[in-house]
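Trainee: Quick one, fold the following:
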Amino acid sequence: MRKNYSNKFIFVDPGVKVKSEYYRETVLKKKFLPWVRRHFRGRHWCFQQDGAPSYKAEAVLNWIHDTFSEFIKVDISKKKLGQWPPNSPDLNPNDYAIWGILEAAIYGKKFNTINELKAALRRAWSRIDVNVLASAVDNWPKRFRACV
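Mentor: This is a model prediction of the structure:
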């Protein structure tokens, strides 16, 4: 039986520009962290994010370092690369597989409200077969080796 992960889209509040404080306090602390605790319940996992400026703010990275036992680090000093390669969608299953599936499911449809769009995305997510998700994740080591 597939667990229901469809409620784990994290949508930005209307009219908000995602700056580092909003990202840390609202997205990570209030929305993501409670989900992580319920979902993983002590199992091993690693946090990964892209290189958006608000994600790389020192206060955000310090909080991530103090909160998550394992994460892929990005160097903000620009003196070294860190562990996270910049501009690398090949290393994120969402970027190289899942977003395309979601985009195809809603492409060309008209939505009268943001809530209709959100509902359509949730429905599209719930229809993705768990084997497709597993395949995207299983493909990650091959992509990683190719990048190295």
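
Trainee: Pull out the buried residues from stretch 37-54.
Mentor: 49, 50 (16 or more other C-beta atoms under 10 Å). To be clear about C-beta, it is placed using only N, CA and C from the backbone, and glycine gets the same treatment.

Trainee: do stretch 27-40 as well
Mentor: Those would be 27, 28, 32, 36, for stretch 27-40 by 16+ other C-beta under 10 Å.

Trainee: Just the residues you listed: which are in helices?
Mentor: residue 36 (DSSP state H).

Trainee: min pLDDT across the buried residues of stretch 27-40, which one?
Mentor: Least confident of the buried residues of stretch 27-40 in the model: residue 36, at 89.

Trainee: Could you tell me the end-to-end distance of stretch 52-63?
Mentor: 16 Å (C-alpha to C-alpha, to the nearest Å).

Trainee: Give me the residues contacting it.
Mentor: Applying C-beta atoms under 8 Å, 6 or more residues apart in numbering, the contact partners of stretch 52-63 are 18-24, 28-29, 49, 73-74, 76.

Trainee: Show me what the longest helix belonging to the chain is packed up against.
Mentor: When the chain is parsed with DSSP H, its longest helix is helix 114-127. Under the contact criterion of 3 or more C-beta pairs under 8 Å, 6 or more residues apart in numbering; DSSP states H and E, helix 114-127 touches helix 99-106.
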